[in-house]
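J.: Following is a predicted model, sequence given first.
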Amino acid sequence: MSQVLKRPSVVVVGAGWAGLGASYHLAQQGYDVTLLEAGAYPGGLVAGWKTAKGRSIEAGIHGFWYPYRNIFSLVNELGLQPFTAWTRSSQYSPAGLEVESPIFQTEPLLPTPLGTFLYTRFKRIPLGDRLSALPLLYALIDFDNSDQAWRRYDSVTARELFKQFGVSARLYKESFEPMLLVGLFAPGEQCSAAAALGMLYYFILAHQPNFDVVWCRGTVGEMIFRPWVEQIEKMGGRIFTHRRVTDLVVDTQNAKPRVTGVVCGDESFDADAVIFAVGVTGMQKIITNSSALRQFPEFRNVMNLGAIDVLATRLWFDRKVSVPLPSNACFGFDPTTGWTFFDLNALHDEWQQEPASVIEADFYHANQLLPMTDDQIVAKVHHDLAVCVPEFRSAKVIDYSVVRLPRAVTHFSPGSYPSMLSGTTRVENLLMSGDWIVNRHGSWSQEKAYVTGLEAANRVITQFGIGQPAMILPVEPDEPHIQVARSVNQTLRGWGRSILPNWGGLE
Ligand SMILES: Cc1cc2nc3c(=O)[nH]c(=O)nc-3n(C[C@H](O)[C@H](O)[C@H](O)COP(=O)(O)OP(=O)(O)OC[C@H]3O[C@@H](n4cnc5c(N)ncnc54)[C@H](O)[C@@H]3O)c2cc1C
């Protein structure tokens, strides 16, 4: 009689991109997967839901940039077509339109970063200021996403980095800081220089088309997560919402500690392996509560990390206002806050035929905005919007949604790198994933979260020797001239003859 082997049971905690990515692949490979999510819906920071009036809203609009190869591949595999065409975007300040970006992949291809500098249409920043960014290329070459590079640059603020490399005050204030506010959710003096370099390289500079972006033609929750969750469940994965994990059961009797279960208030779930896929704030709550995790210094160190407040608003107007481009980033309205606004009539199928404007406006590093009342917030959004597109002045807001997201997104603050966890822990069968986990893939945000979920799934597969690992597409290799420059720089570093200042003195 053939023996029926028990499938290893894996508990995944958190149903954002990371947790769903891990669950999907492990369910596909025949593992017994249980996904526990504290919130009411899967999706994490990208969850979407409906208002009482049946209108779709979400925790902020999410763009999918050109290098999100793994997410695009997943969406193809699921047979979905959720995205808009590539969109152009613009940037506003209280002075008006500042920058318009073309669709970079349709312009003649130039060696990076020439295309970015030549094709971006700056309306105000003088050429001399723009050229002051050139010396910064050295730091971009030197920062190769290795552990050593992170340690060299992480204890320096992005503000100091740009200053040291001679970037003009105007270019910093009107170009780089706005990018940091929307890319890392914080002003330069509060961002790690390492994170700033990694983020700018990935989204903008590595290859000319990288800044090209598509959006979902509805909420990501509806267009991607709902069919994805159905697939996971079809393959036998169980997804439970309203399950807040409070602790783990860790067996420390043997030389190598092992996790054997997950505690969710009064409930518990047995596990042969556990994958955490929660954000920094969620992880800190679990560690604070967990005597099992508190015994390990690397988990206690997670308490050093920070998270940033975000505010997502959606406004329904009484008339149609013509918005020149569908996606827009704004700076200079509040000293430490960046914001974006989106013309949802242009982006979302649901609002295409709507006779009046539907606008999403999301604020990053919105600490000082969260205590305001909804009415105050809506008045501010309306006012700021009318500064960018004056026709909004005469339009009336007839409905709105205000979603406050306190301590929601990862704060890549200076000096935070050593406190971040990597994908593996000293508890062999306890794995980590999420957009704040240290990995070497080179991606950021949603793509990174998804990739870390697949990496965690692959580690489970290696441990149990069952199933095929997920194929993770690497980021596109550096262009040849960048490869040469990096290799020369590494050689010089090896010889100890670098001309670089010793960033942070950590070498
Ligand atoms: C307004 C806004 C705009 C953004 N814009 C973009 C963009 O344009 N492009 C982009 O790529 N990225 C963007 N991001 C970032 C992106 O949302 C994140 O990088 C990504 O969603 C992180 O996914 P994750 O799986 O790591 O974590 P999360 O999405 O945070 O998922 C973690 C999940 O864990 C759950 N959880 C927490 N604690 C527990 C517990 N104890 N038990 C069980 N479950 C728990 C949470 O409820 C959550 O569902 C934006 C974020 C925000 C807030």
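T.: Now that the structure is in, tell me what you want to look at.

J.: With the flanking residues excluded, which residue is spatially nearest to residue 457?
T.: Using Cβ to Cβ, 6 or more residues apart in numbering and skipping residues adjacent in sequence, the residue nearest residue 457 is residue 25, 4.1 Å away. All C-beta atoms are positioned from the backbone trio N, CA, C, and that covers glycine.

J.: C-terminal to the helix or strand that contains that neighbour, what's the next element?
T.: Using DSSP states H and E, residue 25 sits in helix 17-28. Under the assignment DSSP H and E, the closest C-terminal helix or strand after helix 17-28 is strand 32-36.

J.: So what are the sheet partners of the helix or strand just after that next one and their directions?
T.: Following strand 32-36 in sequence order, the next helix or strand is strand 48-50 (DSSP H and E). With DSSP bridges as the test, strand 48-50 is paired with strand 56-58 (antiparallel).

J.: Just confirm yes or no for the strand it pairs with near the ligand.
T.: No. Applying Cβ under 6 Å from any ligand atom, one finds strand 56-58 separated from the ligand by no less than 8.7 Å.

J.: Name the next helix or strand following that strand along the chain.
T.: Following strand 56-58 in sequence, per DSSP H and E, is strand 63-65.

J.: ok, now which ones touch the residue in the stretch 151-300 of the chain that the ligand sits nearest to?
T.: Going by Cβ to the nearest ligand atom, the ligand is nearest to residue 282 of the stretch 151-300 of the chain, at 2.7 Å. Residue 282 makes contact with 14, 38, according to Cβ atoms under 8 Å, 6 or more residues apart in numbering.

J.: can you tell me how far it sits from residue 31?
T.: Distance, residue 282 to residue 31, by Cβ to Cβ, to the nearest Å: 23 Å.

J.: Where is the longest strand in the protein?
T.: Identified as the longest strand of the chain according to DSSP state E is strand 397-411.

J.: same for that one, what does it pack against?
T.: Packing partners of strand 397-411 (3 or more Cβ pairs under 8 Å, 6 or more residues apart in numbering; DSSP states H and E): strand 56-58, helix 280-289, strand 306-317, helix 374-388.

J.: With mean pLDDT added, can I get the ones you listed in a markdown table?
T.: Putting the helices and strands packed on strand 397-411 into a markdown table (pLDDT from 0 to 100) gives the following:
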| stretch | mean pLDDT |
| --- | --- |
| strand 56-58 | 92 |
| helix 280-289 | 98 |
| strand 306-317 | 98 |
| helix 374-388 | 98 |
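
J.: Distance to residue 221 for the ones you listed - can I get that in a markdown table?
T.: Formatted as a markdown table, the helices and strands packed on strand 397-411 follow (distance: least, Cβ to Cβ, whole Å):
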| stretch | distance to residue 221 |
| --- | --- |
| strand 56-58 | 6 |
| helix 280-289 | 18 |
| strand 306-317 | 13 |
| helix 374-388 | 22 |
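
J.: Looking at those, which is nearest to residue 452?
T.: Counting by Cβ to Cβ, residue 452 lies closest to helix 280-289 out of those; the figure is 13.2 Å.

J.: mind listing what's buried in that closest one?
T.: 280-284, 286-287 (16 or more other Cβ atoms under 10 Å).

J.: Then stretch 83-92?
T.: Buried residues in stretch 83-92 (16+ other Cβ under 10 Å): 83-84, 87-92.

J.: same deal with stretch 156-174?
T.: Of all the residues in stretch 156-174, those buried under the rule 16+ other Cβ under 10 Å are 156-162, 165, 167-168, 171-174.

J.: Tell me which residues are up against it.
T.: Contacts of stretch 156-174 (Cβ under 8 Å, 6+ apart): 93, 98, 124-126, 128-130, 132-133, 135-136, 138-139, 153, 176, 180, 184, 187-197, 331-332, 414, 501, 503-504.

J.: now do 7 Å
T.: 93, 98, 125, 129-130, 132-133, 135-136, 139, 176, 180, 188-189, 191, 193, 196, 414, 501, 503-504 (Cβ atoms under 7 Å, 6 or more residues apart in numbering).

J.: now stretch 57-65
T.: 45-49, 51, 71, 83, 203, 210, 213-215, 219-221, 310, 312, 314, 327, 342, 360, 362, 401, 403, 405, 446.

J.: which residues does residue 286 contact?
T.: 245-246, 293.

J.: out of the residues you listed, which touch the ligand?
T.: By Cβ under 6 Å from any ligand atom, the members of the contacts of residue 286 lying near the ligand are residue 245.

J.: Restricted to helices, list the contacts of residue 286.
T.: Among the contacts of residue 286, DSSP state H puts residue 293 in helices.

J.: Closest one of the contacts of residue 286 to residue 450?
T.: In terms of Cβ to Cβ, no member of these lies closer to residue 450 than residue 245, at 20.7 Å.

J.: beta partners of the closest residue to the closest one other than its chain neighbours?
T.: Nearest non-adjacent residue to residue 245, counting by Cβ to Cβ, 6+ apart: residue 13, 4.7 Å away. Residues in a beta bridge with residue 13, per DSSP bridges, are residue 36, residue 276.

J.: mind checking pLDDT for residue 13?
T.: Looking at residue 13, its pLDDT stands at 98.

J.: contacting residues around it?
T.: Contacts of residue 13 by Cβ under 7 Å, 6+ apart are 19, 36, 245, 262, 274, 276-278.

J.: again, 6 Å this time
T.: 36, 245, 276, 278 (Cβ atoms under 6 Å, 6 or more residues apart in numbering).

J.: Test my guess that the first one contacts residue 243.
T.: So that's residue 36. Yes. Residue 36 is within contact range of residue 243, at 4.1 Å (criterion: Cβ atoms under 6 Å).

J.: And these two? Which one has more around it.
T.: Using other Cβ atoms under 10 Å as the criterion, residue 36 and residue 243 rank with residue 36 on top: 25 against 20.

J.: Return the residues of the stretch 351-500 of the chain in contact with the ligand.
T.: Contact residues, the stretch 351-500 of the chain versus the ligand (Cβ under 6 Å from any ligand atom): 362, 405, 408-409, 434-435, 445-446, 449.

J.: Looking at these, which two lie furthest apart in space?
T.: 362 and 434 (20.4 Å).

J.: Who has more neighbours out of these two?
T.: residue 434 (28 against 24).

J.: That's all I had, so thanks and see you.
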